[in-house]
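1. Here you go, sequence then predicted model.
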Amino acid sequence: MKRKKASILKKLQWRAEFLAFMVVERLLNLVSLETLWNAGAALSGLARLFASRWPTVRNNLRTVLGPEATEEKVAELTREVFRHTTANLLTSLKGAHINARTVRDSIDVRNVEAAERAFAQGKGIIYVSAHMGNWELLAQAMGAFLPDVKIANIYRPLNNIYLDKILRDRRQKRGMKMFAKLTSYYGPLKFVRSQNILGLLVDQRAGRVGTLTPFFGRLMSMSPLPEFFHKHTGAPVLGVSMKTTAPGKWTVTFHEPNLKDGEAFTTPHMAALLEEAIGESLVDEFWMQDLWRINKHRPLEIRGKVGPVRLNRDRDKPLYPFSILVRLPDQPERFAETVPALTALAASRPDMELHFLARDILRKSAAASMIPHSFHAIEDDHLPQAVQGRLQVALVLTDQEIAARELTSHFSGLTYSLPEVEQSNKDWHLVSSDPTLPAEERWLDALRTLGLHEPPLQWVYL
């Protein structure tokens, strides 16, 4: 993948960042991993300066912990995540100057038997892991414990060409081969077929090229690469977790996928394997990424190339709902115009959950529509707390200004309406639609603009 030619100012910025990194790294090299970890933990309070990340971490943890988790529990874990993240990141800056002996002294390895069983198959190994613990140290751990085994990973090149080169060179000098992301996969396939080890970080959204599958019970587009490499090489897949056990000390554990006899490894297996690995220590996972982020331009859409796919044995497991609040017209005859759009919306995704907001007089008409929903009367002072915590998007399917204003007293998040009911709220977005269309078609047209899945997404069970 060719880089775009950088401007002189951009190169000067990168050079300054590189020099600052080298100075900080040299200073940190003067102290021990234990001291660095404690310093990072103590500095975690400064993370509150990054206010935008706190809701992201909380929302991720709410998904992982499930609806039974209390707000106090989520808040407590959020603080611990920031504490461990700053400590792990600070110790990772020292990783480049740690010798193999120090790596071995800092890491305790568990369930080595799983790695031995996989290696004995003679087909190479595919390791999948999350951004967990001190992953810079984890990258070196394989070479420190298995000096005679060739190891590689697929990485995303850094924007800063100077930092990218030095970090890539350092890993390669330790015997790790680096394959750039979004290039040909012939190299990694050949590497694994030569009975070597390929490491993959797979806890990020894969977007339009990924496979839609439940991750901690919530649909997400996940990397198809482990399944791809396993399919084309036959190499077994292992999960790797990294848990902080003391300041400057970690435990690395190997996890085997739950495969039945003759069952091929798939992306849903990978998601389950990653859940098990992250479950070793939720606070060591890098939760700063918005894993289930909504596309603000097309909020109804979940992007992926394949799926949604799940294991047949998980068919009855509950799915984290994609909850939408819909402000309906208060008149039965106007509500009837929205029924085709609402019917298509309810069927568009397997995780769809609709909440209708209208005057109580419309309750019977909504029930008669046979569209699965929960009804909330606009006359109530507010929505139930449990409902408010799950809502991700609001749709205004009425062109009445007063109805739109009433919605704002119940919901303050992402809201979408036709231009006729424009509001001043920063989270309010207008949806273009052909005004010459009949009313029923106009509402469908608006939802299509917002990413309505047509045909609806349907489960594939493995």
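-> It's in. Numbers count the residues shown, from 1 in each chain.
2. and this protein, what are its domains?
-> Following automatic domain parsing, one finds the domains of the chain at 8-284, 322-461.
3. What average pLDDT does the last one get?
-> Pointing back at domain 322-461 there. Averaged across domain 322-461, pLDDT comes to 92.
4. list the buried ones in stretch 176-196?
-> Across stretch 176-196, burial judged by 16 or more other C-beta atoms under 10 Å covers 176-177, 179, 188-189, 191-192, 195-196. All C-beta atoms are positioned from the backbone trio N, CA, C, and that covers glycine.
5. same check, this time on stretch 88-103
-> Buried residues in stretch 88-103 (16+ other C-beta under 10 Å): 88, 90-96, 98, 102-103.
6. Now, the residues you listed that are in helices?
-> 88, 90-92, 102-103 (DSSP state H).
7. Tell me the one of these nearest E72?
-> N88 (24.6 Å; C-beta to C-beta).
8. Which residue is the nearest non-sequential neighbour of that closest one?
-> N134 (4.9 Å; C-beta to C-beta, 6 or more residues apart in numbering).
9. dump the residue contacts of the most centrally placed residue in the chain.
-> The structure's the chain has its C-alpha centroid closest to L291; by C-alpha atoms, centre = their mean the separation is 2.3 Å. Counting by C-beta atoms under 8 Å, 6 or more residues apart in numbering, L291 touches 60, 63, 203-205, 215, 220.
10. Kindly recompute the last result at 10 Å.
-> 56, 59-60, 63-64, 203-205, 215-216, 218, 220-222 (C-beta atoms under 10 Å, 6 or more residues apart in numbering).
11. what does P456 give?
-> P456 touches 344-350, 352, counting by C-beta under 10 Å, 6+ apart.
12. Can you show me the strands along the stretch 351-462 of the chain?
-> Assigned by DSSP state E, counting those that start in this stretch, the strands in the stretch 351-462 of the chain fall at 352-358, 374-377, 391-396, 415-417, 428-430, 460-461.
13. ok, the second one: who's next to it in the sheet?
-> Strand partners for strand 374-377, identified by DSSP bridges, are recorded as strand 352-358 (parallel).
14. Confirm for me that N38 is in contact with K249.
-> No: between N38 and K249 there is no contact under C-beta atoms under 10 Å: 11.8 Å.
15. from the contacts of P456, which is closest to W459?
-> Distances from W459 to those, taken by C-beta to C-beta, are shortest for P350, at 5.8 Å.
16. Using the three-state scheme, assign that closest one.
-> coil (DSSP: H, G, I helix; E, B strand; the rest coil).
17. List the residues that contact it.
-> 212, 214, 219, 308, 310, 319, 321-322, 456-459.
18. how about a markdown table for the residues you listed, with distance to F82 added?
-> Below are the contacts of P350 laid out as a markdown table (distance: C-beta to C-beta, whole Å):
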| residue | distance to F82 |
| --- | --- |
| L212 | 30 |
| P214 | 27 |
| L219 | 27 |
| P308 | 32 |
| R310 | 32 |
| L319 | 29 |
| P321 | 28 |
| F322 | 28 |
| P456 | 39 |
| L457 | 35 |
| Q458 | 40 |
| W459 | 37 |
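19. Any of those buried? List them.
-> The buried subset of these (16+ other C-beta under 10 Å) comprises 212, 214, 219, 308, 310, 319, 321-322, 457.
20. Could you tell me which of those belong to strands?
-> Taking DSSP state E as the definition of strands, those contribute 212, 214, 219, 310, 322.
21. ok, which stretches of the stretch 201-350 of the chain are helices?
-> Per DSSP state H, counting those that start in this stretch, the stretch 201-350 of the chain has helices spanning 225-233, 267-278, 332-347. These are given in chain order.
22. Of those helices, flag the one that's most buried.
-> helix 267-278 (a mean of 23; mean count of other C-beta atoms under 10 Å).
23. Adjacent strands (with direction) for the longest strand anywhere in the chain?
-> When the chain is parsed with DSSP E, its longest strand is strand 237-246. Strand 237-246 pairs in its sheet with strand 125-129 (parallel), strand 249-255 (antiparallel), by DSSP bridges.
24. just those strands: most buried one?
-> When the strands paired with strand 237-246 are compared using mean count of other C-beta under 10 Å, strand 125-129 is most buried, at a mean of 25.
25. after it comes which helix or strand?
-> helix 135-145 (DSSP states H and E).
26. That following helix versus strand 125-129: what angle between them?
-> 150 degrees (axes from the mean of the first three to the mean of the last three C-alpha atoms, to 10 degrees).
27. CA atoms of helix 135-145 as PDB?
-> Provided in PDB are the C-alpha atoms of helix 135-145 (Å, rounded to 0.1, in the frame of the first residue of the first chain):
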ATOM      1  CA  TRP A 135       0.700  -5.700  24.200                       C
ATOM      2  CA  GLU A 136       4.200  -4.400  23.300                       C
ATOM      3  CA  LEU A 137       5.700  -6.800  25.800                       C
ATOM      4  CA  LEU A 138       3.300  -9.500  24.600                       C
ATOM      5  CA  ALA A 139       4.700  -9.100  21.100                       C
ATOM      6  CA  GLN A 140       8.200  -9.800  22.400                       C
ATOM      7  CA  ALA A 141       7.100 -12.600  24.800                       C
ATOM      8  CA  MET A 142       6.800 -15.200  22.000                       C
ATOM      9  CA  GLY A 143      10.400 -14.600  20.900                       C
ATOM     10  CA  ALA A 144      11.600 -14.600  24.500                       C
ATOM     11  CA  PHE A 145      10.000 -17.900  25.400                       C
END
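28. Which positions in the following helix or strand past it come out as buried?
-> Using DSSP H and E, the helix or strand that follows helix 135-145 in sequence is strand 151-155. Neighbour-count burial for strand 151-155 flags 151-155 (criterion: 16+ other C-beta under 10 Å).
29. Low-confidence regions, the stretch 51-200 of the chain specifically.
-> 51, 95-96, 143-145, 147, 173-175, 182 (pLDDT under 70).
30. same thing but at 90, please
-> Applying pLDDT under 90 to the stretch 51-200 of the chain flags residues 51-55, 66-71, 89-107, 115-116, 119, 134-187.
31. Can you list the residue ranges for strands in it?
-> 107-110, 125-129, 151-155, 176-180, 197-201.
32. pretty sure W292 is touching M220, no?
-> Yes: the pair W292 and M220 passes the contact test of C-beta under 10 Å, sitting 6.1 Å apart.
33. So for these two, which sits in the more crowded spot?
-> M220 (26 against 20; other C-beta atoms under 10 Å).
34. Which one of the strands paired with strand 237-246 lies nearest to L414?
-> The nearest among the strands paired with strand 237-246, by C-beta to C-beta, is strand 125-129 at 32.5 Å.
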